[in-house]
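Student: could you work out the structure for the sequence below:
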Amino acid sequence: MTNLSGIIVADSEQFIKKIVTPLHLQNVQLRLDVAESEDSCLRKLESYPFDILVAYHHPPSIDILRLTRAVTSRHFPVEILVIAPAGHEESLNQCIMEGAFAYFIDMSNRYEVIPHLINRMIQSLTGQGRAGGDRTGQVSQIAHREGEPSHGEDLSSLTYQDKLKILDRLTSFISHELKNPFTTINNALYFLQKKISDQQVDPIFQKYMQIIEMEINSSNKFLSNLLSVTRKTPINPVPLQVNEILTETVRQIPISQKIKVIFELDPLIPISLVDPEQIQTVFSQIIRNSIQAMPEGGELTIRTAYAQRVVEIHIIDQGEGIKPDYLPHIFEAFFTTKTRNVGLGLTIAQKMIEANGGQIFFASTPGQGAKCTILLPHS
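Tutor: Predicted coordinates for the structure are as follows:
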């Protein structure tokens, strides 16, 4: 059984502290602390190893999405439980994508519901129960210390090929179980959109229909990416300008003001014949990794060039760099140095680049940052 050290509650009104008090902690001795602002919460996380962060959406003092991104970018080894009243579903969806457990609740029942949610998380972390939320794949890695490599709790004794076989079976099962419901939901959504297309519809209703469609598409894309780890990746190549994909990718990623993005793009590089969706997925993965490697800020340089009939893309950060012992393993499935990471991002990236006829590799000097180089053939 894992012992927990503390819960920190981020709420400007402190009413969650009243809710946390009656928690069932007979077998767990926890420190309880309250932060009335995001800055206060971050300072306390730096000074004490809290296991759980409970954040109630109460802008402007506490914005759950902004706080979640700040916590994950600093790699605090803390599980995040975000709570908001109805009407903030979009923020909660974004928090889930950032790695948090997220719930919206009926505020009239908050004194009963919130303790239940926190108790489920405590039971999960202490080995007394199953994971407490719909966000999956996170609890199994709680005991992994930030900064040290992990190959999964129960997979370390298996060969790499055995891991890929397990992953192939798992992803096939997940894809089969989820794609059918997604198709049904998509069909129902299409029917509703056709039904109301000629009628006056509440804008809020339209907004939530768009959110449903967006999340289904995002989930289907995730499933396709997951399957690409163990199977040949189909591509839909089109002629495109790599510089345009890079600038568009950066535009879509939230970047801290502490990070200065420097573009050094060669305007004369030739057109490449590649799958734009896959290439953008890879660029997004590498750029996000570089941003996360610089929690205190720094320069992110994105450079393109053309040499020896190959389009070169270089993404360079000023983070801590990659340890020499880790470099040979960074593309292996399940290899990760992050608490909230399954270790498939770079595996998928490598598969996609190779499917498009390219190469990807890293160079790094510890303490001086890392450089990712991607080579793509021109058309």
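
Student: rest of the way, CA atoms for contacts and neighbours
Tutor: OK.

Student: give me the buried positions along the longest strand anywhere in the chain.
Tutor: Ranked by number of residues, the top strand in the chain under DSSP state E is strand 298-307. Judged by neighbour count (16 or more other Cα atoms under 10 Å), strand 298-307 contains these buried residues: 298, 299, 300, 301, 302, 303, 304, 305, 306.

Student: I figured the last one was touching residue 271, is that so?
Tutor: Going back to what we said before, that points to residue 306. No: at 10.6 Å, residue 306 does not count as touching residue 271 under the criterion of Cα atoms under 8 Å.

Student: measure how buried residue 41 is and give me the count.
Tutor: By other Cα atoms under 10 Å, 22 other residues sit near residue 41.

Student: residue boundaries of the strands in the stretch 251-379 of the chain?
Tutor: 259-264, 272-274, 298-307, 310-316, 359-364, 370-377 (DSSP state E, counting those that start in this stretch).

Student: to residue 97, which of these lies closest?
Tutor: Minimum separation from residue 97 across the strands of the stretch 251-379 of the chain (Cα to Cα) falls at strand 259-264, 21.5 Å.

Student: for the closest one, list the C-alpha coordinates in CSV.
Tutor: In CSV, the C-alpha atoms belonging to strand 259-264 read as follows (Å, rounded to 0.1, in the frame of the first residue of the first chain):
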residue,chain,number,x,y,z
ILE,A,259,9.6,31.0,-24.0
LYS,A,260,10.9,32.9,-27.1
VAL,A,261,10.2,31.1,-30.3
ILE,A,262,12.8,31.9,-33.0
PHE,A,263,12.0,30.9,-36.6
GLU,A,264,14.9,30.4,-39.0
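
Student: paired strands for that strand, with orientation please.
Tutor: Using DSSP bridges, strand 259-264 pairs in its sheet with strand 298-307 (parallel).

Student: from the chain's centroid, how far away is the partner strand?
Tutor: 24 Å (Cα atoms, centre = their mean, to the nearest Å).

Student: the inter-axis angle of it versus strand 370-377?
Tutor: Orientation check (axes from the mean of the first three to the mean of the last three Cα atoms, to 10 degrees): strand 298-307 against strand 370-377 gives 30 degrees.

Student: separation between the nearest residue to residue 213 once chain neighbours are set aside and residue 78?
Tutor: Nearest residue to residue 213 in three dimensions, chain neighbours excluded: residue 186, at 7.2 Å (Cα to Cα, 6 or more residues apart in numbering). Per Cα to Cα, to the nearest Å, residue 186 is found 35 Å from residue 78.

Student: the more surrounded of these two?
Tutor: The neighbour count for residue 186 versus residue 78, taken as other Cα under 10 Å, is higher for residue 78 (21 against 16).

Student: surely that one is in contact with residue 50?
Tutor: Yes: counting by Cα under 8 Å, residue 78 touches residue 50, with 6.2 Å between them.

Student: ramachandran angles for the most centrally placed residue in the chain?
Tutor: In the chain, the residue lying closest to the centroid (Cα atoms, centre = their mean) is residue 98, at 4.4 Å. Note on residue 98: its backbone torsions stand at phi -90, psi -10 [degrees, to the nearest 10].

Student: can you check the pLDDT for it?
Tutor: Here the pLDDT value assigned to residue 98 is 76.

Student: specify the local secondary structure of the residue nearest to residue 213.
Tutor: Following DSSP: H, G, I helix; E, B strand; the rest coil, residue 186 is assigned to helix.

Student: care to break the protein down by domain?
Tutor: Structural domains annotated on the chain: 6-141, 160-227, 238-377, as defined by automatic domain parsing.

Student: coming back round to it: reformat the strands of the stretch 251-379 of the chain as TSV; add mean pLDDT and distance to residue 118.
Tutor: Listed next are the strands of the stretch 251-379 of the chain as TSV, based on pLDDT from 0 to 100; distance: least, Cα to Cα, whole Å:
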stretch	mean pLDDT	distance to residue 118
strand 259-264	95	35
strand 272-274	92	46
strand 298-307	94	36
strand 310-316	95	40
strand 359-364	94	41
strand 370-377	94	38
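
Student: got TSV for those strands, with distance to residue 336 too?
Tutor: Below are these laid out as TSV (distance: least, Cα to Cα, whole Å):
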stretch	distance to residue 336
strand 259-264	24
strand 272-274	28
strand 298-307	22
strand 310-316	20
strand 359-364	15
strand 370-377	16
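
Student: closest to residue 83 out of the ones you listed?
Tutor: strand 259-264 (29.2 Å).

Student: where are the low-confidence patches of the stretch 101-250 of the chain?
Tutor: For the stretch 101-250 of the chain, applying pLDDT under 70 flags the ranges 104, 106-111, 124, 126-177, 179-180, 197-199, 225-233.

Student: how about a cut-off of 90?
Tutor: The model of the stretch 101-250 of the chain has pLDDT under 90 over residues 101-236.

Student: could you pull out the strands for it?
Tutor: Assigned by DSSP E, counting those that start in this stretch, the stretch 101-250 of the chain shows strands spanning 101-105, 238-240.

Student: using a markdown table, please lay out those strands together with mean neighbour count and distance to residue 249.
Tutor: What follows is the strands of the stretch 101-250 of the chain, written out as a markdown table (neighbours: other Cα atoms under 10 Å; distance: least, Cα to Cα, whole Å):
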| stretch | mean neighbour count | distance to residue 249 |
| --- | --- | --- |
| strand 101-105 | 21 | 26 |
| strand 238-240 | 15 | 14 |
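
Student: for those strands, give me a markdown table that also has distance to residue 65.
Tutor: Shown next, in a markdown table, are those (distance: least, Cα to Cα, whole Å):
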| stretch | distance to residue 65 |
| --- | --- |
| strand 101-105 | 10 |
| strand 238-240 | 34 |
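
Student: to residue 219, which of those lies closest?
Tutor: Checking the strands of the stretch 101-250 of the chain against residue 219 by Cα to Cα gives strand 101-105 as the closest, at 16.8 Å.

Student: packing partners for that closest one?
Tutor: Strand 101-105 sits against strand 79-85, helix 89-97, with contacts defined as 3 or more Cα pairs under 8 Å, 6 or more residues apart in numbering; DSSP states H and E.

Student: good, wrapping up.
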